[in-house]
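# after the sequence you'll find the predicted model.
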Amino acid sequence: MITVLAGGVGAARLLRGMVREVPATQVTAIVNTGDDTVLHGLHISPYLDTVTYTLAGRNDEERGWGLADETWKVMENLERLGGETWFSLGDQDLATHLYRTQRLANGARLSDVTAEIAAALGVEAHLLPMSDDPVRTRLRLAGGPETSFQDYFVRRRHEVAVEAVRFEGASGSEPGPGVLEALDRADVLVIAPSNPILSIGPILVVPGVTEALRARREDVVAVSPIVAGSALKGPADRLLTELGHEASVVGVAQLYAQVAATLVVDDADAGLAAEVEAAGVRCVVAPTIMRAPEDAAALARVVLGVARDWSSSTR
């Protein structure tokens, strides 16, 4: 079994590559829900939906989120009425949020609803919310207030500097059903190329998760989301710098050194391999930019190969 800690677009693309290389039923994704929000009375789980839509082959490749062939009639009419439209919800996408909200209101767990949506869309991989409890990413903006992830990321377009990040509700949360089992029983453990602080960070603070990874550290392979000092998508590079970390593969290695024994970095960062290893992490150099499904499959082969080769050598 392969277990992947997953954030948004980068994780979804790597997972798509994974299920081209191994049976989808052998892949489990533990997905960050720290960016979940309630808008227009609807429970929205953007990362869960991005992963689900991508594995279902229904995602919008150009935007990186949402559904392909989407229409926007509801948002257009809401704008005419003077409603809030800074967070765009497509007409098809709304059905997902309506279903999730209704099921949660009826007492279902987020993990159950996630499995139902995945099954309805034909996704065979196992998708696990990191927790059924509400854990929310909160950011204190430089010289300003604390705000929610979606306000920072979407409404403010992550253009405002950040002074601190915290995960509200984390200490009182429990791992979602199957999460610790997936970490314990996996043959291969992968940290996807997602923002280390905003995408992977919320998963790691759920009680028991970091401890489980530390116990399996030698089996954990992380993929850097930073290439040549920059994030391929989103504010990971700027956020690392703002919070006092190095915006490079070395900075990523330092953040993951306690939970991952291996870091896969892009060819562009081959010259930093020695510095990565000085941080206590084995460095593997390979193409990591996933422009097409074939690139994702090639990266998945590298990750799986590294994990299996190292596992065999240590037995």
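Right, received. Where do you want to start? These figures come from a predicted structure and were not determined experimentally.

# pLDDT weak spots in the protein?
Within the chain, the segments meeting pLDDT under 70 span 309-315.

# mind jotting down where the strands sit in it?
With strands called from DSSP state E, the chain shows them at 2-6, 27-31, 37-39, 42-44, 126-129, 136-141, 146-148, 162-168, 188-191, 220-223, 226-227, 230-231, 262-265, 282-285.

# I'd like those strands as a markdown table, with mean neighbour count and distance to residue 76 appended.
For the C-beta atoms, the positions are set from N, CA and C on the backbone; glycine is no exception. Compiled in a markdown table, those are given as follows (neighbours: other C-beta atoms under 10 Å; distance: least, C-beta to C-beta, whole Å):
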| stretch | mean neighbour count | distance to residue 76 |
| --- | --- | --- |
| strand 2-6 | 27 | 32 |
| strand 27-31 | 26 | 30 |
| strand 37-39 | 14 | 17 |
| strand 42-44 | 19 | 18 |
| strand 126-129 | 24 | 31 |
| strand 136-141 | 20 | 29 |
| strand 146-148 | 17 | 25 |
| strand 162-168 | 16 | 32 |
| strand 188-191 | 28 | 39 |
| strand 220-223 | 26 | 38 |
| strand 226-227 | 22 | 37 |
| strand 230-231 | 16 | 32 |
| strand 262-265 | 26 | 43 |
| strand 282-285 | 20 | 47 |
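
# for residue 75, find the nearest of those strands.
strand 37-39 (11.6 Å; C-beta to C-beta).

# ok, the closest one: who's next to it in the sheet?
Using DSSP bridges, the strands paired with strand 37-39 are strand 42-44 (antiparallel).

# ok now the strand it pairs with, how far from the chain's centre?
18 Å (C-alpha atoms, centre = their mean, to the nearest Å).

# for the stretch 151-300 of the chain, what spans make up the helices?
179-185, 201-204, 209-215, 236-242, 249-256, 273-278, 293-313 (DSSP state H, counting those that start in this stretch).

# wait, residue 304 touches residue 21, no?
Yes - with contact defined as C-beta atoms under 8 Å, residue 304 reaches residue 21; the gap is 6.4 Å.
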